[in-house]
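sharing a sequence plus its predicted fold:
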Amino acid sequence: MTTAPTHWSADALAGIADQADARLPVFAAADVMPILPDHDLWDMWQIAYADGRTAMPGGRSWWFFLATPRFDDPESRHDEARIRLTSHGVDGWRDHGVTFADGFTPGSREWSGSAVLGEDDTTLTMYFTASGRRGGPRTFEQRLFETQGRFIVEGDEARCEGWTDPVESVAADGHHYIVANQAEPENGGIKGFRDPAYFRDPADGSEYLLFVGSAGWVDEHLDGVIGVAKRVDGRWAIQPAMIEAIGVNSELERPHIIVRDSLYYCFWSTQAKRFAAGLGAPTGLYAMVADSMAGPWRPVNGTGLVAANPVEEPTQAYCWWVTGEGDVISFVDYWGLAGADVSTDAALRRRHFGGTAAPWFRVTMAGDRVTIARD
């Protein structure tokens, strides 16, 4: 691994103004179909093998979403999030219930992660974020955990069972990464140490966990980094950050790596409100590419932008996840606003929050270019 993270610069972002082809289409009502009508579902990740292939037991892909009942204010969902199993096939989406029993995980709620299926098609390792502490007051503490269980598919039904006691994968060191333990948000956001995403390097078999972090070596509000831990002698060991956006962006969320034609593509999502004032970068899917895990990393398309919400509906989707096959999913966020401001109106938020899977699309990865595949 490189010892100096690649900087994502404001200069690179200037070229976004010329990327009209990166804008996604505006959603219609037919695009917003609930998976579970009485629940909101958002951040998602699929069950995949260690080499990145999407697992397809029963001819379906299997997805974990964060989920809650539909609260009066959808922003309340973050304080109650549970991980829920779903699947997708030719007939659309099916719900398969909560993943962990009540009180099983060590946080007060469960946040995003990744899931790796063994070659036996049964052994499943779940990496996830525990936010807060079980039984304690609400905080924004974030810790990375993992547990192993069995994934069982029987006909149209599926379940996860036999989970081992969750163990903390790796902790923030306070040097490379801030210890994320805020009681309340600051400056409209929270520090990060979350979203563990497993990656096995095909070059040498080394195993990594990527995560969103906050730089520990600077005192800066805009301190977003993509962090990494490496498995060394059977244990995860903190490594220096891969990519940093100090002074540019405060959150590089849900990072994950896809290898295509011997190139390494690191994808992440971020929101317009997380950029420095005046940059004008949109909420979207971003990426950098490198020739190896050691970097250095180069912004794809010169800017880093892969796909963005349309100008007319800048908040309609979020949390894009790219599969090893190049399929991309996200969730429907605040859509159909036509310029309305939901920031101070919970009822308006409720009416316009999708809380379901957004329409799929594909990306084409070719050298330093990653573009939306157009049929």
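Received it, and whenever you're ready, just let me know what you need.

the residue nearest the centre of the chain in helix, strand or coil?
Against the mean C-alpha coordinate of the chain, by C-alpha atoms, centre = their mean, the closest residue is residue 254 at 2.6 Å. Look at residue 254: counting by DSSP: H, G, I helix; E, B strand; the rest coil, its state is strand.

how far away is it from residue 126?
Residue 254 sits 15 Å away from residue 126, going by C-beta to C-beta, to the nearest Å. Bear in mind the C-beta positions are built from the backbone N, C-alpha and C, glycine included.

now swap in residue 230 and tell me
20 Å.

again, but for residue 63
Distance from residue 63 to residue 126, by C-beta to C-beta: 13 Å.

more neighbours: which of the two?
Neighbour totals were compared for residue 63 and residue 126, and residue 126 leads with 27 against 23 (other C-beta atoms under 10 Å).

can you spell out which helices and strands pack onto the helix or strand containing the more buried one?
Element membership for residue 126 (DSSP states H and E) is strand 123-131. In terms of contacts (3 or more C-beta pairs under 8 Å, 6 or more residues apart in numbering; DSSP states H and E), strand 123-131 is packed against strand 109-117, strand 142-154, strand 193-200.

ok, for residue 288, nearest residue in space, not its chain neighbours?
residue 297 (3.8 Å; C-beta to C-beta, 6 or more residues apart in numbering).

now do residue 73
residue 346 (3.9 Å).

is residue 17 in a helix, a strand, or coil?
Three-state call for residue 17 (three-state DSSP): helix.

look up how far residue 175 lies from the closest residue in space to it that isn't next to it in sequence.
In space, and not counting its chain neighbours, residue 17 is closest to residue 280: 7.4 Å by C-beta to C-beta, 6+ apart. Applying C-beta to C-beta, the value for residue 280 to residue 175 is 33 Å.

now swap in residue 355 and tell me
Look at residue 355 and residue 175: by C-beta to C-beta, they are 38 Å apart.

residue 52 too?
30 Å.

which one's more surrounded, those two?
Ranked by neighbour count (other C-beta under 10 Å), residue 52 and residue 175 place residue 52 first, with 19 against 11.

and that one, its phi and psi?
Dihedral angles of residue 52 (phi, psi; degrees, to the nearest 10) stand at phi 100, psi -10.

for it, list the residues it contacts.
By C-beta atoms under 8 Å, 6 or more residues apart in numbering, the residues touching residue 52 are 199, 200, 258, 259, 323, 324.

just these now: which is nearest residue 104?
residue 199 (25.8 Å; C-beta to C-beta).

could you check how far the closest one is from residue 147?
Residue 199 sits 19 Å away from residue 147, going by C-beta to C-beta.

neighbour count: those two, which is higher?
residue 199 (24 against 20).

buried ones in the top helix by length along the chain?
In the chain, with assignment by DSSP state H, the single longest helix is helix 346-352. Across helix 346-352, burial judged by 16 or more other C-beta atoms under 10 Å covers 349, 350, 352.

likewise for stretch 79-99?
80-88, 93-96, 99.

start to end distance for it?
17 Å (C-alpha to C-alpha, to the nearest Å).

what lies in contact with it?
Stretch 79-99 is contacted by residues 33, 35-36, 39, 41, 58-69, 71, 100, 108-111, 113, 126, 128, 131, 138, 156-160, 357 when judged by C-beta under 8 Å, 6+ apart.

and what about residue 106, helix, strand or coil?
Going by three-state DSSP: residue 106 is coil.

just residue 231 next, same as before
strand.

surely it meets residue 204?
No. Using C-beta atoms under 8 Å, residue 231 is not in contact with residue 204, being 11.9 Å away.

any idea what residue 238 is bridged to?
Taking DSSP bridges, one finds residue 229 as the beta-bridge partners of residue 238.
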